[in-house]
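>>> Give me a model of this one.
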Amino acid sequence: MIAESSIAKTVFNFFTVCAASFLVYLDIEVETYSIYAVLLIIDLFTGWIKAGKLGEPRTSVRMKYGILTKLMLLLMPIVLALGAKAVGVEFKTILDVCMTILVLSEVYSIIGNMYTIKSGGELPEYDAIAMIGGKIRTFLIRLAGEKA
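Here you go, the predicted model:
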């Protein structure tokens, strides 16, 4: 029993170190990324409670879709950083701004979920992903123009 627990801890620590090293290599703040991951889980949980409060169906299909969506959001900063590394562009400032927007978006979503749970009313939603996508697109077009 103790050996199995020790092996599980070792494997978990190995993957944690690998993931943290990968984030450091990509110049993604590990602490910010970790906080973002926790916020995604809290948002998923509060969204589930909100759905119950509003009488919306809470099915396994919707939950799987929600989890998949959150995993995709976790990949977004990694994809941006990998793309920047691949083309040799200094992307640190833009990546930090994107992470800040994503974190604040999740905080707003959690607050909105809690507001709905408490009051039954809903706050307006803002699409941070669309905003980030537009900014990145503009930056890439400008970058392509400079290299041409």
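>>> Spatially, what comes nearest to Gly52 if we skip its sequence neighbours?
Distances taken as Cβ to Cβ, 6 or more residues apart in numbering place Arg58 nearest to Gly52, at 5.9 Å, with adjacent residues excluded. All C-beta spots, glycine's among them, are computed from the backbone N, C-alpha and C.
>>> So the one you found is in contact with Trp48, correct?
Yes. Under the criterion of Cβ atoms under 8 Å, Arg58 lies in contact with Trp48, with a separation of 6.1 Å.
>>> Would you mind telling me which of the two has the busier surroundings?
Trp48 (16 against 13; other Cβ atoms under 10 Å).
>>> how far away is that one from Gly66?
8 Å (Cβ to Cβ, to the nearest Å).
>>> Then Gly112?
Counting by Cβ to Cβ, the gap between Gly112 and Gly66 amounts to 15 Å.
>>> Over to Gly134?
When Cβ to Cβ is applied, the distance between Gly134 and Gly66 equals 24 Å.
>>> The two: which has the busier surroundings?
Neighbours were counted for Gly134 and for Gly66 using other Cβ under 10 Å; Gly66 has more, 16 against 11.
>>> In contact with the more buried one, which residues are there?
Listed by Cβ atoms under 8 Å, 6 or more residues apart in numbering, the contact partners of Gly66 are Leu44, Gly47, Trp48.
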